[in-house]
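>>> Coordinates for the following, if possible.
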Amino acid sequence: MLKKVLALSFVFALMGTTAAHAIALVSVDLNRGQIVRAMRAEQQYYPASLVKMMTLYVAFGAMDNGWLEVDQELPISRFAATRPRSRLGLHHGYTIKARDAMIAMAVRSANDATVVLAEALGETEAGFVKIMNQVAQDLGMKDTVFRNSTGLHHPEQKTTARDMATLALALNQHFPHYYSLFSVRNFAYNGVRYGNSNLLLFNFPGADGLKTGFTSKAGYNLAATATRDGRKVLVIGMGYRTAAQRNREIHRLLGESFEKDSAHFADAPQVIFTEPSLMAFRPVITASIARVRRESEQILARLEHGYGYPHPRLDETTSWGIQVGATRYPANAQQLADEARRRQLGHMSDLITRVDTSTNQQGRTLFLAQLYGFADRNEAVAACRRVRAGQRNQNGCFVTPPVRIVTVALHDDGSEEPEIDQGAQ
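Okay, the predicted model is just below:
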């Protein structure tokens with residue numbers, strides 16, 4: 001009897017595992033806009049970083065409409081800088097070029113860079129998500145709901161393989177002049193080189209994009225395109241157990257699509273995109289962004305005139321600082337500053353951490369761990385004494401020149417958000 005119970009338990013465990021990792025896929029002949037193979041294509045799944053395809057679709061539209069310049073410096077907010085991995089390790093108070101942010105999204109799947117771009121176009125990530133959902137609706141992605149710009153897990157953020165195929169087709173048709181971004185194999189930022197997680201770019205002849213995705217809830221997802229002899233094929237795969245399984249299966253499906261004509265798949269639904277036909281569908285980004293921006297302008301107008309919102313208050317103060325260490329990696333510099341503030345200077349609750357950069361004699365970039373918020377030089381010197389006394393690795397400490405700090409108060413409760421004026425050192 002015990003053996004039967006154990007056997008049944010094992011069977012049910014396998015059934016549960018299979019259900020949790022059921023695969024959805026769509027294979028599309030992009031030249032015809034025709035689905036040639038589909039499985040669970042209409043079933044909702046968590047998209048993971050496939051969400052970033054929509055974030056980039058909106059960004060491409062913004063560039064074509066003059067709302068975003070490729071070399072534009074985008075400010076890094078505290079919220080963006082604290083997004084979990086994958087990430088570039090961006091730091092609050094600095095900027096990143098739009099070009100670098102988009103490459104980091106496509107190649108590294110960097111969540112911090114993604115939110116920087118989203119905030120630049122939507123004022124906040126929540127504002128940008130409104131644009132994403134409007135564009136999805138306009139493109140006919142009827143089973144998709146976005147809740148953030150990154151693909152980080154949210155229980156309400158879901159899509160289907162078919163909707164992701166619609167989005168990939170729209171990217172290919174509407175923005176062919178930007179599409180090569182998805183085929184970048186590696187890039188360097190701040191002296192660190194990153195490789196593309198889409199291994200098909202390295203091992204499938206003709207592969208030219210798009211995007212990988214993974215969260216523990218979503219499993220391993222991949223949207224991939226390849227071109228051979230003028231024929232372009234797209235495969236969307238979602239819910240794989242492992243990256244190896246995902247890559248192996250998508251590799252096989254792409255190869256199969258090129259070896260056999262669409263008519264071979266007689267058992268597959270022959271569905272044409274007709275909502276209206278995306279083959280001739282005009283980009284909808286202009287209307288979608290304009291609509292959401294009008295809402296943002298109305299809110300800003302209320303702020304300006306004080307209708308139901310507090311007037312913003314700007315306060316400027318001069319602050320001395322200290323440097324508590326230097327390292328080759330920005331994350332380590334941030335950690336040094338945070339540890340000094342927590343362990344040796346915990347009694348000073350209003351200190352601001354900052355990571356600056358400098359170049360050593362060998363031409364390498366160093367990241368400097370700094371703290372600001374000291375009233376005068378004497379207070380900064382005293383703080384350095386405390387830091388040196390408590391340091392375990394003898395990183396040293398010295399006083400840095402004063403900077404101007406601008407504090408903006410916008411909230412009803414009077415809470416304030418300090419910013420270091422980067423250009424006022």
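>>> In CSV, list the C-alpha atoms belonging to stretch 99-107.
Taking C-alpha atoms only, stretch 99-107 is exported to CSV below (Å, rounded to 0.1, in the frame of the first residue of the first chain):
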residue,chain,number,x,y,z
ARG,A,99,21.7,55.1,-26.3
ASP,A,100,23.5,53.3,-23.5
ALA,A,101,20.3,52.7,-21.6
MET,A,102,18.7,51.1,-24.7
ILE,A,103,21.7,48.9,-25.4
ALA,A,104,21.8,47.9,-21.8
MET,A,105,18.1,46.9,-22.0
ALA,A,106,18.5,44.9,-25.1
VAL,A,107,21.8,43.1,-24.2
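>>> and that stretch, average pLDDT?
In this model, stretch 99-107 carries a mean pLDDT of 93.
>>> buried stuff in it?
Within stretch 99-107, the residues scored as buried using 16 or more other Cβ atoms under 10 Å are 100-107. Every residue, glycine included, has its C-beta placed from N, CA and C.
>>> One more: stretch 184-203?
For stretch 184-203, a neighbour-count test (16+ other Cβ under 10 Å) marks 184, 187, 189, 194, 196-201 as buried.
>>> repeat for stretch 56-70
Applying 16+ other Cβ under 10 Å to stretch 56-70 flags 56-64, 67-68 as buried.
>>> How about stretch 206-220?
Judged by neighbour count using 16+ other Cβ under 10 Å, the buried positions of stretch 206-220 are 206-215, 218-220.
>>> Am I right that residue 78 is in contact with residue 90?
No: Residue 78 is not in contact with residue 90 according to Cβ atoms under 8 Å; the separation is 10.6 Å.
>>> Of the two, which one has the most company?
residue 90 (29 against 11; other Cβ atoms under 10 Å).
>>> per-residue confidence at that one?
Looking at residue 90, the pLDDT reads 91.
>>> does it count as helix, strand or coil?
Following DSSP: H, G, I helix; E, B strand; the rest coil, we place residue 90 in the coil state.
>>> Wait, it touches residue 112, no?
Yes: applying Cβ under 8 Å as the test, residue 90 and residue 112 come out as touching, 4.5 Å apart.
>>> how near is residue 248 to residue 199?
Applying Cβ to Cβ, to the nearest Å, the value for residue 248 to residue 199 is 10 Å.
>>> let me redo that: residue 190
Distance, residue 190 to residue 199, using Cβ to Cβ: 25 Å.
>>> show me what contacts residue 43?
Counting by Cβ atoms under 8 Å, 6 or more residues apart in numbering, residue 43 touches 22, 24, 160-161.
>>> That one belongs to a helix?
No: Residue 43 is assigned coil when assessed by three-state DSSP, not a helix.
>>> Next, give phi and psi for it.
Phi and psi for residue 43, reported as degrees, to the nearest 10, are phi -90, psi 140.
>>> again, but for residue 204
With angles defined as degrees, to the nearest 10, residue 204 sits at phi -120, psi 110.
>>> for residue 186, same thing?
Per degrees, to the nearest 10, the backbone of residue 186 is at phi -160, psi 160.
>>> That one pairs with what?
Counting by DSSP bridges, residue 186 is bridged to residue 195.
>>> what ranges do the helices span in the protein?
In the chain, the helices defined using DSSP state H lie at 2-20, 51-64, 78-81, 98-103, 111-122, 125-139, 161-174, 200-203, 243-259, 285-305, 330-339, 377-390.
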